[in-house]
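I'll drop the sequence and a predicted model, then ask my questions.
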There are 4 protein chains.
Amino acid sequence: MTANFRSDNETPVAPAMMGAIVEANRGTASAYAEDNWSGRLDQAFSKLFRTEAVVIPVSTGTVANAIALATVTPPWGSVYCHQSAHIQNDESGAPEFFGNGLRLAPVAGEMGKLKLDSLAQSLLATQGHGVHSYLPSALSLTQSTESGTIYTAREIRRLCKFAHAHDMKTHMDGARFANAVASLGCHPAKITCEAGIDMLSFGASKNGCMAAEALVIFKQPQWRETAERLRKRSGHLLSKMRYVSAQLLAYIENDRWLAMATHANRQAAKFAQAVQAHPQASLEFPVQANEVFVNWTDQGFTLLESKHILFQRWPGRNDLARFVFGHSTTDRETELLIHAL
Amino acid sequence: MTANFRSDNETPVAPAMMGAIVEANRGTASAYAEDNWSGRLDQAFSKLFRTEAVVIPVSTGTVANAIALATVTPPWGSVYCHQSAHIQNDESGAPEFFGNGLRLAPVAGEMGKLKLDSLAQSLLATQGHGVHSYLPSALSLTQSTESGTIYTAREIRRLCKFAHAHDMKTHMDGARFANAVASLGCHPAKITCEAGIDMLSFGASKNGCMAAEALVIFKQPQWRETAERLRKRSGHLLSKMRYVSAQLLAYIENDRWLAMATHANRQAAKFAQAVQAHPQASLEFPVQANEVFVNWTDQGFTLLESKHILFQRWPGRNDLARFVFGHSTTDRETELLIHAL
Amino acid sequence: MTANFRSDNETPVAPAMMGAIVEANRGTASAYAEDNWSGRLDQAFSKLFRTEAVVIPVSTGTVANAIALATVTPPWGSVYCHQSAHIQNDESGAPEFFGNGLRLAPVAGEMGKLKLDSLAQSLLATQGHGVHSYLPSALSLTQSTESGTIYTAREIRRLCKFAHAHDMKTHMDGARFANAVASLGCHPAKITCEAGIDMLSFGASKNGCMAAEALVIFKQPQWRETAERLRKRSGHLLSKMRYVSAQLLAYIENDRWLAMATHANRQAAKFAQAVQAHPQASLEFPVQANEVFVNWTDQGFTLLESKHILFQRWPGRNDLARFVFGHSTTDRETELLIHAL
Amino acid sequence: MTANFRSDNETPVAPAMMGAIVEANRGTASAYAEDNWSGRLDQAFSKLFRTEAVVIPVSTGTVANAIALATVTPPWGSVYCHQSAHIQNDESGAPEFFGNGLRLAPVAGEMGKLKLDSLAQSLLATQGHGVHSYLPSALSLTQSTESGTIYTAREIRRLCKFAHAHDMKTHMDGARFANAVASLGCHPAKITCEAGIDMLSFGASKNGCMAAEALVIFKQPQWRETAERLRKRSGHLLSKMRYVSAQLLAYIENDRWLAMATHANRQAAKFAQAVQAHPQASLEFPVQANEVFVNWTDQGFTLLESKHILFQRWPGRNDLARFVFGHSTTDRETELLIHAL
């Protein structure tokens, strides 16, 4: 038997979302997001975040991030982010493409988190002399981070306040937003709109959906037109958007999204405990969401692999591997992993 | 009861394709098109077109078109197409966006078809003096056309031969390719690779799939890298691509795609016959696929609308309307329409 | 002896402008347009056009046009222009490049002039259905036109009024603006800012300068930042801008620009008269500025060429040629041409 | 009396180059770089660098750099450079603009110099996983560096060898190339084409020209077309290019460029000696070309400023200032500065 901890990207669609797709598949429906499912998104997310929200349904997190950043950043503007951010390392320059040559300004920071001091320092170093320099235009935070850690509401508030004070807009890449909210146990608004986040890439595909993400714009309805133009122009306005929107509605209904993320986090926590109890293995980062980065020996990892446990060896580091737990990870799979360890 | 003839974009997913999606939803699978379904596409389409084919699965026809054109056209290159082409009128500049400012050169032509003479004339008029002009780089044909007509294999061969003789690559926008093949009753290779088409946007969403299209590159495997880079960079590399690829495989399996298109064409033919028999209404274009453009009085159309028949009034023309028939159009709906007429 | 009527682009720099360059070449001066010459441009042109003007000095007409259009047009916006416009045919897509894939919408029109009716019709045909279409964003007129004809103040006012009523900004490509003003004998403001033109590419290189053009923005000082960012980012912010600005100041000083254009126009008029008196040759367009388009026989033109008269045979037309008269064309050269004819 | 050491960008045009401009100003000449001066550049630079060279004359170093990098880097390609490079900090994203969203990958390094180790490490860290990452495409070195230091021929050879081994092309930003050659006393080919440099931005404006730079492409004549298309499309193909090319020819004739750079370097060396002899001031970097970075007290610098000595205080550092010496710096000005110190 195989157990797969490589990525929550590899999980199947959860039954409730598959049910919503099948349910939406009745008769004809208006094309290009003019259907009844898409038409309900603004209200549903406004309620979820208890503020005015504009929702742009799309198929991938990359396009949600790219549209968000290009909406608020001119071609000569720069976007500050952590140096491990997905937009910096894993999107093949989608922000630069959508933003017509905007620039990312990566900032170092421990445990995947961007610190206010480093941001301030970086801003000082990279901004500069009028038209010769890029114009600092946006800050993008990842929640939960690429290291599986989580920003507190207070940290986000301080970073957003700084950004706004320097005329930058704020974006959160929430590919694993559900895991962060489940972990913090707070209201989702607390770490987004109420903390100063202007736009959220609300991830769903990693946590039970098929290819569904929501770009949520808070309190800035005038950004809708640019975002929608970018969606169309990049080929992301699906003719049959109803299937994406139906998933998103089902996903947030009855707190399904949090239940699935809670499940995934719990599996990760169990494994993290086992790692900590292990004589040789240790945790690279505190485990706060659904990702566990393990320090161990090359031989140890090789042995695990021989037992049909799938996980990701870290590029360039033979003593480090990542284990991701998803909505579909079973107790038995986690136990299998712990036992194999 | 309502009957909807507005667009095949509004049809639901056909049972076989929904079945394929559900079928693919078992356990984990490698992300980013490295799954087993995506891995079978090249072979399946190479067999379908009886030549070496590279397949890039994507979610929309717009992105298939844009990637195809940007793969073979430099930013200072131009793409010749019919003035009614979807890339010219309905994609918000996606080709220009993916192609970093390439230019479309629209050519007039009756019945939605580009004629060799007009193409030659347009080429002469727009190309020109070295670096001052755009460089003619590609020809894009739409099959079936935006007027619901169809190019013959011979017409395509002649146009492609001309294009290649002038150092241009050739692309076919096949959003309704199935309807064309079903109508011509020929082998699909006859009007594509064997007629000189280098790249085909093989449409499937309008004809029974959810959000699945295949960019098919014939005999030019070296274009794969650019096409894949463009797909990733534009946010179109789905993490869970298996669901798109599973649809595409089911779609071409057992000639399902042709069966569905044949059904749609037949409904259109029935309606066309009724229009021709009508004392006041007439056909704007010959009906060769699944679209019927009807000339009639404003009052006539208004009456139809009052009977809950949905169709598209043509922008700027109150004597013209379009009726589209899809894989899910029932005999009863078509009869309802004919009767209402 | 050779006489050159190929293009005013081939003329030398006029003595007054060369003098200004030499005069500016004293000691050091602040770089990047922060010198004293550049600093005087806004005021000088505000006075010339008797309204508030922001001036962006650059080296070519192409970049002046491209910056102007990109300043007011989003990537999904379109720019309406005459089908013979320089931006459409001779700039290798500079507007598309600076505007990140904006689209030009060329409109037909006799004698190089865009008519209100055709513009209205074209707008109706190309604009359309929300995010699927390009957004009409700007109108660009060429004065004097590519056919050597001239718009009247009234024609410009009507076109600009229409454009503004449709939320479009207005631009004038004034590569030969001096010739138009000299011909009309009106105040330059009458056919620009006072007629509704928002931005003028004020040409100077063809009429006595070395590589100096002024992008003049009327009454919209808030567009300065975008224009200056685009200038820098495209490599057009010369470190030693003083030499460009010094030319521009000398050019408009004492109405030098008009004197030189008047001279060129007069030479053209003399030749036009001779053509009209000729038994076989005739004028393709009315001669209103410094360009003369002559219909004649292939043999006639060949004979002229054999007499070392340089002019431009029209691409694709062996019965048409263009003769351009410049600030440096001498009476004797014009007589030589007339005599040779 | 004022003495200006702010930047060599602020110097006037040297008499020989002004003479060449005046000399070129005789009669008409073919436009758009088809004149006799431009036509001689390839041969003149091929001789200078004793290899086959294609020369693209332009007006600024920024456009020379941007065209060079965009010619060899796809939109999803990255360019490695020192973190203090002009392309990274001072060109407002021109490389990103011309390269349609390519990415710069800045690398740290002491004294403005990029070290092989750091480059290798950065390459490892930023390249990565197929289409998800940017594709390493070019290496850009600055000679002399932004710190006024100089790469040896051996250092350049090693860096270029590494780059080529990793499928990257090599570019040298030679805004102050003359100062480097003058300092090293070597043949210019030794530190460019013969060391593995594929393209050189051969700077001239800072060292006696008006607005003239040469993009020199070594042994890759097939890159000419792309470079020329980019020049035209960006508005940099001057109609009266003869004045730029005439300057470039005069600049390299009789080793004028080296004589002027030698003069500037000598002034810098004199001042550097005085700084070293000073009890409180010191040099931030070794002085190898025409720039001197001085560590001193804030009061010291303020005192200098009060004596009408112009220089550049370093942004964010009140203990650091830059003094640049140019072709027009007189012995007397340097003595004035030394005395004031």
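Done, it's in. Remember, predicted model here, so these are calculated numbers, not experimental data. Numbers count the residues shown, from 1 in each chain, chains lettered A, B, ... in the order given.

now the longest strand belonging to chain A: how far from the chain's centre is it?
As assigned by DSSP state E, the longest strand anywhere in chain A is strand A:135-142. In terms of C-alpha atoms, centre = their mean, to the nearest Å, the centre of strand A:135-142 is found 16 Å from the chain centre.

For the lowest-mean-pLDDT helix or strand in chain A, name the packing helices and strands.
Scoring the helices and strands of chain A by mean pLDDT, DSSP states H and E places helix A:116-126 at the bottom, with a mean of 91. On a contact count with 3 or more C-beta pairs under 8 Å, 6 or more residues apart in numbering or on different chains; DSSP states H and E, helix A:116-126 meets strand A:77-82, strand A:103-107, strand A:135-142, helix A:153-165. Quick note: C-beta positions are derived from backbone N, CA and C, even for glycine.

Next, please give the residue ranges for the strands of the stretch 201-341 of chain A.
Using DSSP state E, counting those that start in this stretch, the strands assigned to the stretch 201-341 of chain A run over residues A:213-218, A:282-283, A:291-295, A:309-310, A:312-313, A:320-324.

Can you name the residues that contact the residue of the stretch 101-250 of chain A found nearest chain D?
Evaluated by C-beta to the nearest C-beta, the stretch 101-250 of chain A has A:Gly101 as its residue closest to chain D, separated by 3.7 Å. For A:Gly101, the contacting residues are A:Pro75, A:Trp76, D:Gly93, D:Glu96, D:Phe97, D:Gly99, D:Asn100, D:Gly101, by C-beta atoms under 8 Å, 6 or more residues apart in numbering or on different chains.

Also A:Arg229?
By C-beta under 8 Å, 6+ apart, the residues touching A:Arg229 are B:Ser92, C:Pro74, C:Trp76, C:Val131, C:Leu135.

any idea how far D:Phe97 is from the first one?
Shown here: B:Ser92 relative to D:Phe97, a distance of 22 Å by C-beta to C-beta, to the nearest Å.

of those two, who's got more company?
Set B:Ser92 next to D:Phe97 and count neighbours by other C-beta atoms under 10 Å in any protein chain shown: B:Ser92 wins out with 29 against 26.

Read off the pLDDT value for that one.
Looking at B:Ser92, its pLDDT is 95.

Report the separation between it and D:Glu228.
In terms of C-beta to C-beta, B:Ser92 sits 31 Å off from D:Glu228.

Likewise for A:Cys193?
The value you get for A:Cys193 to D:Glu228, if C-beta to C-beta is used, is 51 Å.

These two: who's more crowded?
Shown here are A:Cys193 and D:Glu228; by other C-beta under 10 Å, A:Cys193 has more neighbours (22 against 19).

now stretch A:160-169: how far from the chain's centre is it?
Offset of stretch A:160-169 from its chain centre (C-alpha atoms, centre = their mean): 21 Å.

For it, give me every contacting residue.
Residues outside stretch A:160-169 that contact it (C-beta under 8 Å, 6+ apart) are A:72-73, A:80, A:116, A:119-120, A:123, A:136-139, A:170, A:195-199.

before we move on, back to that, could you dump the contacts of A:Gly101 to CSV with secondary structure?
Formatted as CSV, those follow (DSSP: H, G, I helix; E, B strand; the rest coil):
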residue, secondary structure
A:Pro75, coil
A:Trp76, coil
D:Gly93, coil
D:Glu96, helix
D:Phe97, helix
D:Gly99, coil
D:Asn100, coil
D:Gly101, coil
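
which of the residues you listed are buried?
A:Pro75, A:Trp76, D:Gly93, D:Glu96, D:Phe97, D:Gly99, D:Asn100, D:Gly101 (16 or more other C-beta atoms under 10 Å in any protein chain shown).

tell me the contacts of the closest residue to the last one other than its chain neighbours?
Once flanking residues are discounted, D:Gly101 sits nearest to A:Glu96: 3.7 Å by C-beta to C-beta, 6 or more residues apart in numbering or on different chains. Under the criterion of C-beta under 8 Å, 6+ apart, the neighbours of A:Glu96 are A:Leu102, A:Arg103, A:Leu104, D:Pro75, D:Glu96, D:Gly101, D:Leu102, D:Arg103.

would you turn those residues into CSV with distance to D:Ala20 and pLDDT?
Below are the contacts of A:Glu96 laid out as CSV (distance: C-beta to C-beta, whole Å; pLDDT from 0 to 100):
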residue, distance to D:Ala20, pLDDT
A:Leu102, 41, 98
A:Arg103, 39, 98
A:Leu104, 44, 97
D:Pro75, 39, 98
D:Glu96, 35, 98
D:Gly101, 39, 98
D:Leu102, 36, 98
D:Arg103, 39, 98
